[in-house]
Every structure is written in C-alpha cells, then in structure tokens.
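**Student:** Predicted structure and sequence below. I'll ask about it afterward.
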Amino acid sequence: MSESRQAEWWRRSTVYQVYPKSFKDTTGSGTGDIRGLTEKLDYLQELGIDIVWLQPVYVSPGHDNGYDVADYERINPEFGTMEDFEELVQELHRRGMKLMTDIVVNHTSTEHEWFRQAISSKENPYRDYYIWRDPAPDGGPPNNWQSKFGGPAWQLDEASGQYFLTLFDKTQADLNWENEQVRRAVNEMMLFWVGKGVDGFRMDVINLISKDQRFPDDNGSVPPGDGRKFYTDGPRVHEYIRAMYDEVFGPHQMVTVGEMSSTTLEECIRYSNPGRREFSMTFNFHHLKVDYPGGRKWELMPYDFEALKRLFSEWQTGMQEGGGWNALFFNNHDQPRALSRFTDDGIYREESAKLLATTLHGLQGTPYVYQGEEIGMPNPKWTSIGEFRDIESLNMYRILCEQGTSPEEALAILQERSRDNARTPMQWDDSPNAGFTAGTPWIKVDERYPEINVRQALEQPDSIFHHYRKLIALRKTHSIFSEGLYRRLDEEHPEVYAYARTAGGEALVVISNFSAKKLTFRFPDHHWTDLSAVGGGRLLIGNTGEQPAFAQEISLTPYASYLWLLSK
C-alpha cells in the first residue's frame, strides 16, 4: 500500500452514526443525550467501531431535529452541557476511537443571531450573510424554485418587502457563501470544534452552498424542474471547499465526508480525490431512489433491483477509475430502514439484515452503520398521523391531502417513506421503552422491541450484531477490502447480486440472494474461468448455518449471503 494510502487510515475504518435524540436518555426527559452516548461507548467498541458520527447537538429550536442551528458553538441543553461533550471526546479517545460531528452551513435557523441582525435592517452588516431578493413583478417570490420540504423556496420578510431563500424548512435561511465574511465565520467555527478535540466533520448538503447568482426561473427542461440545477454543485463550490481544506481539514488531518444532494459521479470524484484537497469521501443517494417512480419520493412502487445493482456497480468502478472514495451506507437518519425497504423484516429478518451488511461491507469505501441496523431494527408500525414528528413528513401529508390523496393513502405513503422510520428510539433491552428512557419517549418506541434489542443480540453468538462485528474485523484484517478492484458477476440475475474484488493475486467474492426463493446461482463461464485461475475459495462469512464450498454453481436459501476469499 502506498504511503499516502497508509495515511488515509479511514479507508479501513467503520463509522457508526448516532442520532442523539433517539440513542439513550440518562435524565428521564424522554430525549436522548450526550451522556447516553458516552455510557454506551463500550458497546460501540465491542462492535469494532473506529469513528462515531454524532449528529447536531447545537442550540436549535428543533424544527428540523437540530439541522436548524441557532448557535454553532453552544450545546443544546436538551442534550447536556459542553462539559458532557468534552467528556465524550475524552472517553472516545481513551478507547482509541474518533469523533466526527455534523457541520450544517448551507443554512442557519432564523433564530440564529446572524439572522436576527440581518432582519433588523437592510443596512445591518449581517444582512449580506443571507440571500435576499426583491419580489417578482407580480409581488410573488423572486423565482419558481421549490423547497425540498415542499412549497416555495422563498419567505417574505414583510418589514423590508424582500424575500430570503430557504431551500429546506421556512425557518432555515440559506447562507450567502459569496460573502467572504460568511466563509471566514464558518472556518472559525470549525476551528473552535477542532480545539475541543473533534477529529472529523460530516458536512450537511455541502454541495448546495454555491448558487447561480442570476437566480433564474427553472423552465423544467431538467427534471424535476424545482430549481436544483441552479444550485447543485454550483459554480464556486469546489473553490469554497478547497479553502476549507487548506485552512481547517488539511492542517488538522481531519476525516471528512460531504453529503451530496442530487449530485453526479463525476462531481463526487472531484470532491473526494485526495489530489484535489477537498473531502475524504462523499455520500450519494442515487441507490436510495430506486423505488421512486420518475424520481418522485412521495409515491410508492417496488424497488428496482437491477437499478440498485447497476448504481452500486457504476459508482464502484467510476470512483476507482477517478481516484475517489465512497461512503457506503444503506441506512441513515433521513431514510426508511433498508431492512424493511429492500428485504424481509419478518420471517427472514435476521438473514436479511446480515445479507445487507455483507453486501455493503464487501464493497470499496468506508462503511457507515446507522444506530439499530446492527441489531436488525425494522421500520416501526405506524397507526396514525399523530405518531409522526418529522417536519418533512407532516408537510407532505398536508400537501398530499390538499392534492386529493385520501388520508388513508397519504398515511400509507408516510409509513413507507417517512424519515421517522429511522428515528424511533434505540432498543437496548426488553424493559419499558426498550431501556431508552425512564420518561415518556419524544417519539414512539417500536412495539417489537421485546424481541429485537441489544441485550438479546449480545447474548446470541450468531446474532446480527456479531455478524456486523465479524465483518468490521475482516475489513481491518484484509487489505483487499479497501484495495481490491470491483467487478460485477451476476449479469442482471433477477434475484442475485454477485461481485468480486481483486488485488494482489487474491479475490473476494460476494453472492447475495435478495429473494425469498431457494435457488441455484451459476457463475457465467467467462467469470468462472477468471475466478478459478485466482485459486481456491475460503468462506470468510455467511448468514446461514451452511458452509458452502466455492463452486461454479452455488445453492442459495432465501436471503442467503456469502463472502469468500480466493487465493493460491
């Protein structure tokens, strides 16, 4: 391995994502807190986690669960104190683990002091921290851009008669990155957290910070026609990120991941190629839109398995060829549980959860485990709109009903699509509220927690948890996981995803049956000839009680998944 690759230690690491509001409550408030995470660090260490990604714990009114930041340098009392945060960092480092925190700088809360100043007068120097435009000739919004949470992307400030841009919630005002003072303030804020011992940053929707300064109407020539083509991967975005690298990321050897909204493979190569001095890796979401008919999130359809495999394959080979690096994930706080979405969360729940883990962890990139996936948490069972808390979901329920969708159908859509599917409390044991809180949880606990919880998973040697633990350890032991070149092997098989990773005279082969059928998979002759030349296969991990030998034809039970290492 090259010296530069050795320095990029995070290529062989695994990240665990913590949604603090739902992880562990130590006060009885019903809301998770920082001390709850500190209390569970031994659990994460046993899993083998290297980096903990802590989502926003800053002062916030909470309209978007902390992604509407009102003060970047203070801890929200809901989550604890700065002393609690400092203890968390210290305890992580004592265990040889690192902390990655969320940085949300496309927008701030309208309750941030910068915005309070900006709205006080057109002459206030903070006015230019945000994006203001005069109304259109008809008095309406300056253009036809739409918010990602529904409705126009502009809010009228009646006192000044101008509109300010809000690409997300109406209480999240977009920052004006054309203003050098904004860029300087963001760097100073990140350096504040570096001083607290933070090891890395996850940059929220960071590819949206540079807008086309003409702010034109979207004529719909590029779907979905909501304005995103004028601010996604915008004209100065790489310039801004390189400046952050030169002043913050590089000098302090930070591990960074950019969350990329509606981006392209070519752009992600640019963002994550080490020679460009931007990010360590990038998130993209194309593989999580394979059940969106025509790209529309709030309509339902069975997911397109071939599209899922094709997208994984395109991003694997493309990022390898361009020198980029993937952040690998099926789950996060903004997505329904992959277990319920792509496999079987009932009869074959354990096999399915292990299949998803094996399929993902065999790919090239840095894997992310979202809290609860390591014990096979499914989507909860929602029974009424009153159980939901997510602002996007509640907005879309209202919009769907206004558009003529029946309340029953709108609820069915939310049951599948809502971000709240990932936000119900972590299930620690079979005590009341799953051991999450002694109080009343801020959001419902899934009713299946007595059967699906951490205590049970730790006690069972063949549990989903121990499967994840073994995969994470294998990635540290075998360099082929980070170095191997990717090749797809299944040739559009309707139920099976099979691929190989090759490097240095070795090969990894992963075969996963994404169906409830028992079937036989046969490697195409030309692939089998190449694989046979590498050498014999040793099963490193599987999700059934069977130990199949590596052969051209493999029998697969429902949701079976195996990973072999081939060598002479």
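**Tutor:** Nice, I can see it.
**Student:** can you give me phi and psi for Thr317?
**Tutor:** For Thr317, the backbone dihedrals (degrees, to the nearest 10) come out as phi -70, psi -40.
**Student:** from what I can see it touches Tyr486, true?
**Tutor:** Yes - with contacts defined as C-beta atoms under 8 Å, Thr317 counts as touching Tyr486 at a distance of 5.7 Å. All C-beta spots, glycine's among them, are computed from the backbone N, C-alpha and C.
**Student:** Just want to know which of these two has more residues nearby.
**Tutor:** For Thr317 versus Tyr486, neighbours defined as other C-beta atoms under 10 Å are more numerous around Tyr486 (20 against 16).
**Student:** pretty sure the more buried one is in a strand, no?
**Tutor:** Yes - going by DSSP: H, G, I helix; E, B strand; the rest coil, the assignment for Tyr486 places it inside a strand.
**Student:** Just give me the neighbour total for the closest residue to it other than its chain neighbours.
**Tutor:** Distances taken as C-beta to C-beta, 6 or more residues apart in numbering put Gln316 closest to Tyr486, at 3.9 Å, once the chain neighbours are dropped. The burial count assigned to Gln316 is 21, neighbours taken as other C-beta under 10 Å.
**Student:** Now Gln316: which helix or strand?
**Tutor:** Using DSSP states H and E, the element containing Gln316 is helix 305-322.
**Student:** In the sheet, which strands lie alongside the following helix or strand past that helix, parallel or antiparallel?
**Tutor:** For helix 305-322, the following helix or strand on the C-terminal side (DSSP H and E) is strand 327-328. The strands that strand 327-328 pairs with in its sheet are strand 366-370 (parallel) (by DSSP bridges).
**Student:** check contacts around the residue nearest to Tyr486.
**Tutor:** Counting by C-beta atoms under 8 Å, 6 or more residues apart in numbering, Gln316 makes contact with 326, 363-364, 486, 499.
**Student:** now, which of those sits nearest Asp462?
**Tutor:** Nearest to Asp462 among those is Leu363, at 23.6 Å by C-beta to C-beta.
**Student:** Show me where the stretch 1-150 of the chain has its helices.
**Tutor:** 3-7, 34-39, 41-47, 82-94, 113-120 (DSSP state H, counting those that start in this stretch).
**Student:** how about the helix holding Gln316: buried residues?
**Tutor:** By 16 or more other C-beta atoms under 10 Å, the buried positions in helix 305-322 come out as 305, 308-313, 315-320.
**Student:** Strands of the stretch 51-200 of the chain, start to end?
**Tutor:** Listed in chain order, the strands of the stretch 51-200 of the chain (DSSP state E, counting those that start in this stretch) span 51-54, 58-59, 71-75, 98-103, 107-109, 132-133, 154-157, 162-165, 172-174, 200-203.
**Student:** Specify the stretch among those strands that is closest to Glu447.
**Tutor:** Shortest distance between Glu447 and the strands of the stretch 51-200 of the chain, using C-beta to C-beta, is found for strand 51-54: 27.9 Å.
**Student:** That closest one packs against which elements?
**Tutor:** Taking 3 or more C-beta pairs under 8 Å, 6 or more residues apart in numbering; DSSP states H and E as contact, the helices and strands that strand 51-54 lies on are strand 15-18, strand 98-103.
**Student:** highest average neighbour count across those strands?
**Tutor:** strand 15-18 (a mean of 25; mean count of other C-beta atoms under 10 Å).
**Student:** what lines up beside it in the sheet?
**Tutor:** According to DSSP bridges, strand 15-18 has the following sheet partners: strand 51-54 (parallel), strand 366-370 (parallel).
**Student:** Might you calculate how far that strand sits from the centre of the chain?
**Tutor:** Put simply, strand 15-18 sits 9 Å off its chain's centre (C-alpha atoms, centre = their mean, to the nearest Å).
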